[in-house]
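> Need coordinates for the below:
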Amino acid sequence: MGEPGFLLRGLVLGFSIAAPVGPIGVLCIRRTLAEGRWMGFATGMGAAAADGLYGLAAGLGLTSVTQVLTGQQRWIRLIGGLFLLALGARTFFSRPAGEAAGVPAGGMAAAFGTTFLLTITNPMTILSFVAAFAGLGLGAATSGPATAVLLVTGVVVGSAAWWVTLSGAVGALRHRFDARALTWVNRVSGAVIVGFGVAALASLVVETA
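The predicted structure is shown next:
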């Protein structure tokens, strides 16, 4: 397979991993409606950066990283679950009037950072890449570091393409939402994010039972 083929596979993989709507997708939609498409895009790019980091570890065959994350996934999931609860509660009680006052650079950095942390505290992300790369017969052992980097470039671009699509589509509908509607968006989004957090913590209880 030539280099364009590896890049294309990375694009498809990044897009497909980013596309399922989870807590980050809900957060992207909510921030786009409340604060504009650039805030939604910054939110998604935090996830894309974490995808790229985990994808690089998987593509380079860094088994030690995978083993550490797998061995400590209970603690990592605990942190991620608590973070989701806090983020969901904050979203639920936030007021649209205050958020509509503009999007400072710090706001975009915070949007990027929160989703980066949410993604990086999900051990299933790197396991997904390990499984996908193994299924494709790719990785450092068979293809070399240069190919792994090319694949990860495709992953990041593919993931970013999904977040551009989502934030752009939702942003086009933003003008239809008044303050009252945005209040309900905050409440529903916050409740859904809290639900994801509860599910993450509940899975830990089930494992220990």
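
> which residues in this protein form helices?
Using DSSP state H, the helices of the chain run over 3-18, 23-35, 37-59, 63-71, 73-93, 96-99, 105-120, 123-135, 140-143, 145-172, 179-208.

> so can I have TSV of those helices showing mean neighbour count?
Yep, even glycine has a C-beta here, placed from its N, CA and C like the rest. Below are those laid out as TSV (neighbours: other C-beta atoms under 10 Å):
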stretch	mean neighbour count
helix 3-18	19
helix 23-35	25
helix 37-59	25
helix 63-71	14
helix 73-93	17
helix 96-99	14
helix 105-120	18
helix 123-135	19
helix 140-143	14
helix 145-172	20
helix 179-208	16
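
> where are the low-confidence patches of this structure?
Scanning the chain for pLDDT under 70 picks out 1-4, 59, 61-73, 96-106, 123-124, 126-127, 129-145, 207-209.

> repeat that for 90
1-27, 30-31, 33-38, 50-111, 114, 117-156, 159, 171-190, 192-209 (pLDDT under 90).

> Spatially central residue (nearest the centroid) of it, please.
The geometric centre of the chain, computed from its C-alpha atoms, lies nearest to Ala47 (C-alpha atoms, centre = their mean), at 3.3 Å.

> gap between it and Phe6?
Applying C-beta to C-beta, to the nearest Å, the value for Ala47 to Phe6 is 22 Å.

> go on, Phe92?
43 Å.

> Kindly report the same for Phe83.
34 Å.

> before we move on, what about Leu85?
39 Å.

> What of Phe112?
In terms of C-beta to C-beta, Phe112 sits 27 Å off from Phe6.

> Next: Arg95.
47 Å.

> With Ala160 instead?
Ala160 is 18 Å from Phe6, by C-beta to C-beta.

> show me what contacts Gly168?
Residues in contact with Gly168 (C-beta atoms under 8 Å, 6 or more residues apart in numbering) are Arg37.

> any idea how far it is from Ala160?
Distance from Gly168 to Ala160, by C-beta to C-beta: 12 Å.

> now do Thr114
Counting by C-beta to C-beta, the gap from Thr114 to Ala160 is 17 Å.

> Also Ala48?
From Ala48 over to Ala160 (counting by C-beta to C-beta), the distance is 5 Å.

> Quickly list what's touching both of those two.
With the criterion set as C-beta under 8 Å, 6+ apart, the overlap between the contacts of Ala48 and Ala160 is Gly14.

> What is the burial count for Pro20?
Applying other C-beta atoms under 10 Å, we find 9 residues neighbouring Pro20.

> give the contact list for it.
No residues are in contact with Pro20 under the rule C-beta under 8 Å, 6+ apart.

> what's the answer for the one 5 residues further on, then?
Gly25 is in contact with Leu166, counting by C-beta under 8 Å, 6+ apart.

> again, only using 10 Å
18-19, 43-44, 47, 162-163, 166, 192 (C-beta atoms under 10 Å, 6 or more residues apart in numbering).
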